[in-house]
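1. From the sequence below, what's the structure:
(2 chains)
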Amino acid sequence: MDLNNDAALIRKDRLRYTKNKMSANLILLAIAVNALYFVSIYSSDVGSYYYKIFIGASIVYNLVFMLTAFLSSEGVKSYKMGYSYVSIILGILQVVRIFYIPMKAWKETNPTADAEFPTVMSDGQFRYVVICLGISAVLLAAAGIVGIYKTTMLNSYQAELDKKQEGVSHE
Amino acid sequence: MSDLKLQHLDKIYDNNVQAVFDFNLNVKDGEFIVLVGPSGCGKSTTLRMVAGLEDISAGNLIIDGKDVTQMPPKDRDIAMVFQNYALYGHMTVYENMAFSLMLRKENKNEIHQKVLAAAEILDLTSQLNKKPNQLSGGQRQRVAMGRAIVRTPKVFLFDEPLSNLDARLRGSTRREIMLLHKRLGATILYVTHDQTEALTLADRIVCMSMGHVQQIGTPLELYDTPANLFVASFIGLPPMNLFDAEIKNGQAVCDSFAVDLTAEEKELLSKYNGQTVTLGVRPENVAEGGNIKINVFSNENLGMNTLVNGTAGNHKITCKFRDWCTYKPGDTVNVSFNKRHFFDKNTTNAIR
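-> All right, here's what the predicted structure looks like:
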């Protein structure tokens, strides 16, 4: 095909043969950052304090999150639009999560009399986990947006090519 | 593309085994050179020395006027295509072809254009998103060639690239390589043990045996005027018939037959009067009709021609007749030799 050295056109054409590694890698990074979050939670007193159905649900959610995020990383790599939306939704859920365990534990008074911090979650840990969740949310949202942008670009370019091809075969 | 000079190359391994002896060759820009010889003759070692995969024990390797003898492979600007393709199984065809350029951190758009251009040359455009395990052997070999083409190297090296393909595919891929060479005008060094490949592809053939160059010449030169017995028996299929013959009274006399020498041959063999030389006749130069009687023991019809194997006294003779023959074992056929080659019995060199 004649790309006429048109940089924009070549960029579009490249999408046909290359994977969306950028989005995929952003999602994998989000999974890693999320791991920092739950390691911090489960290794601290917060895990012990919530040692009931609530923390169990959190563990299950983390597992489901990692699986879904990984699947969407593979999906966006192959320019599947649906997985880009899944990625954005996971990003939004990461923000929502801030208002559950971190926020609750940060506001909860520590029941232990001689505890080091007055609340279940210290200020420092709260900042740390919020930053982790925030970063993973941003990464997931960015992966989704990049995925949507590239997939839309590829689809419209492919449609254009198909139209041209149809024209040629009709001639 | 560029020229290549191999000057007095030797290869001696650590265990003191010498694989290549004093290899000299000047390859012109755009020339297609085929190194041919039996297994273990040193042809692949020579190619690997050019690629930089083997150290050069002695001698110089000059590419485009620059001595690259001590240079690491990556700096020699050479691309090599291997027999086993050496493709990355987890990468698509596109990624395989683009990989070396990506490592060099070339501009992605330029890489894309180069890969597409190479894919078009090799008719691989529709396969670019496939992985190697989804391709046929011939297509995989084309991908391996594409990976070499995108780099636009100074010299292409092919190490028995068709050996893993079946006979039919080998023929078609061979033609593709030929067209590719014409299209790119590339300088190519190609190793094979298959003389058909050597004869059909080469501008010049280097015939090797036991680490020594036996003859360098055009395919016709090697076929028509072999320098010695080795080249005579190696080039040509079926191989040349060889007989001990005594030169006397204007004849080459073998155990069970005698061949009248032409005036030209008499002059050529005047020094050998009364001596024994080796008489060589290619199967295709044996014609039906004549005074040499052969007892047939097999008749192989190949479609276009027939291979008739027989004996004349103690000598086995293979004849390649153009017609469809129906000789049976035990039949007798009279033949004559159209074209003869003579070799010195002691030196094995051709008598010229």
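2. Report the distance from the lengthiest helix in chain B to the chain centre.
-> In chain B, assigned by DSSP state H, the helix with the most residues is helix B:167-184. How far helix B:167-184 lies from its chain's middle: 15 Å, per Cα atoms, centre = their mean, to the nearest Å.
3. Then stretch B:327-342?
-> 28 Å.
4. Between the two ends of that stretch, what distance do you get?
-> This stretch, stretch B:327-342, spans 30 Å end to end (Cα to Cα, to the nearest Å).
5. and the one residue in the stretch 101-250 of chain B that gets nearest to chain A, how many neighbours?
-> Of all residues in the stretch 101-250 of chain B, the one sitting closest to chain A is B:Asn109 (4.3 Å; Cβ to the nearest Cβ). All C-beta atoms are positioned from the backbone trio N, CA, C, and that covers glycine. Neighbour count of B:Asn109, defined by other Cβ atoms under 10 Å in any protein chain shown: 18.
6. For it, which three-state class applies?
-> helix (DSSP: H, G, I helix; E, B strand; the rest coil).
7. my read: it touches A:Thr18, true?
-> No - taking contacts as Cβ atoms under 8 Å, B:Asn109 lies outside contact range of A:Thr18: 11.5 Å.
8. wait, is B:Val191 part of a strand?
-> Yes - B:Val191 sits within a strand when classified using three-state DSSP.
9. Contact partners for it?
-> B:34-36, B:43-44, B:46-47, B:157-160 (Cβ atoms under 8 Å, 6 or more residues apart in numbering or on different chains).
10. Mind giving me the PyMOL select for these, buried ones only?
-> Selection command for PyMOL covering only the buried members of those, criterion 16 or more other Cβ atoms under 10 Å in any protein chain shown:
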select buried, chain B and resi 34+35+36+43+44+46+47+157+158+159+160
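11. Tell me the one of the contacts of B:Val191 nearest B:Arg352?
-> B:Val36 (21.9 Å; Cβ to Cβ).
12. Report how many residues lie close to the closest residue to that closest one other than its chain neighbours.
-> Setting aside the residues directly before and after it, B:Val36 is nearest to B:Ala198 in space (Cβ to Cβ, 6 or more residues apart in numbering or on different chains), at 4.1 Å. For B:Ala198, the count of nearby residues is 25 (other Cβ under 10 Å).
13. repeat for the one 10 residues further on
-> Neighbours of B:Met208 under the rule other Cβ under 10 Å: 28.
14. Am I right that it sits in a helix?
-> No - B:Met208 is assigned strand when assessed by three-state DSSP, not a helix.
15. which residues does it bridge with?
-> Note on B:Met208: beta-bridge partners B:Val213, judged by DSSP bridges.
16. In contact with it, which residues?
-> B:35-37, B:41-43, B:46, B:214.
17. got it, and B:Val206?
-> B:25, B:33-36, B:43, B:213, B:215-216.
18. 6 Å instead, please
-> B:35, B:213, B:216 (Cβ atoms under 6 Å, 6 or more residues apart in numbering or on different chains).
19. check contacts around residue 20.
-> I went with chain A, as the question did not name one. Neighbouring residues of A:Asn20 by Cβ under 6 Å, 6+ apart: A:76-77, A:79, A:150.
20. The chain in question should be chain B.
-> Applying Cβ under 6 Å, 6+ apart to B:Val20 gives the contacts B:9-11, B:42, B:45-46, B:211.
21. Kindly recompute the last result at 10 Å.
-> B:6, B:9-12, B:41-43, B:45-46, B:49, B:54, B:56-59, B:208, B:210-213 (Cβ atoms under 10 Å, 6 or more residues apart in numbering or on different chains).
22. And B:Leu124, by the same measure?
-> B:Leu124 neighbours (Cβ under 10 Å, 6+ apart): B:93-94, B:97, B:115-116, B:118, B:130, B:135, B:139, B:142-143, B:145-146.
23. Which one of the contacts of A:Asn20 is nearest to A:Ser58?
-> Closest to A:Ser58, out of all of the contacts of A:Asn20 and judged by Cβ to Cβ, is A:Val76, at 25.9 Å.
24. Is chain B within reach of the helix of greatest length in chain A?
-> Scanning chain A for the longest helix, with DSSP H as the assignment, gives helix A:123-170. No - Helix A:123-170 lies out of reach of chain B by Cβ under 10 Å from any Cβ of the partner chain, never closer than 12.3 Å.
25. and that helix, how far from the chain's centre?
-> How far helix A:123-170 lies from its chain's middle: 11 Å, per Cα atoms, centre = their mean.
26. Who are the packing partners of it?
-> helix A:7-15, helix A:21-42, helix A:45-49, helix A:53-77, helix A:81-98, helix A:101-107 (3 or more Cβ pairs under 10 Å, 6 or more residues apart in numbering or on different chains; DSSP states H and E).
27. one more time with 8 Å
-> Counting contacts by 3 or more Cβ pairs under 8 Å, 6 or more residues apart in numbering or on different chains; DSSP states H and E, helix A:123-170 packs against helix A:7-15, helix A:21-42, helix A:53-77, helix A:81-98, helix A:101-107.
28. residues contacting residue 155?
-> In the absence of a named chain, chain A is used. By Cβ under 8 Å, 6+ apart, the residues touching A:Asn155 are A:79, A:81.
29. To clarify, I was referring to chain B.
-> With contact taken as Cβ under 8 Å, 6+ apart, B:Val155 is in contact with B:1-2, B:4, B:27, B:50, B:63, B:77-79, B:186-189.
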